[in-house]
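K.L.:
pasting a predicted model and its sequence here:
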Amino acid sequence: VQLQASGGGLVQAGGSLRLSCAASGFTLDYYAIGWLRQAPGKEREGVSCISSSGGSTYYGDSVKGRFTISRDNAKNTVYLQMNSLEPEDTADYYCAAGEVCFTYDYWGQGTLVTVSS
């Protein structure tokens, strides 16, 4: 059972990135998938989550209107489209899976997002 986040990188403020969370060893269909981030010296923060059906989504206040979470169960992948990036979005971004949002059983390694001003 493995989750792998990818798509991070260096981008200028105002730019966009799309993160991917791919699963191996299990199918994501039955899991809610969350994106969390942790910046140096700060606590981990929930960014977004999507229910197993895709019918419900959650966004943290700091990313509402800029980030969009989606899932493609056929590709066993969940995406996080990040637009209008700000330097404050700089962090390691992780994806996690659980039966419901905010209660995660599986964690992936992070992908680093750096937003320059």
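P.N.:
Nice, I can see it. Numbering: from 1, shown residues only.

K.L.:
D89 touches M82, doesn't it?
P.N.:
Yes: in this structure D89 lies within contact range of M82 using Cβ atoms under 8 Å: 6.9 Å. Glycine gets a C-beta too; all of them are placed from N, C-alpha and C.

K.L.:
who's more crowded, those two?
P.N.:
M82 (27 against 22; other Cβ atoms under 10 Å).

K.L.:
quickly list what that one is bridged to.
P.N.:
L17, F67 (DSSP bridges).

K.L.:
wait, it sits on F67?
P.N.:
Yes: taking contacts as Cβ under 8 Å, M82 lies within contact range of F67: 5.1 Å.

K.L.:
which neighbours do D89 and M82 have in common?
P.N.:
Among the neighbours of D89, those also in contact with M82 (Cβ atoms under 8 Å, 6 or more residues apart in numbering) are V63, V113.

K.L.:
any idea how far the spatially most distant residue from the centre of the chain is from A23?
P.N.:
With distances taken from the mean C-alpha point of the chain and given as Cα atoms, centre = their mean, the most distant residue is S117, at 22.0 Å. Using Cβ to Cβ, to the nearest Å, S117 is found at 34 Å from A23.
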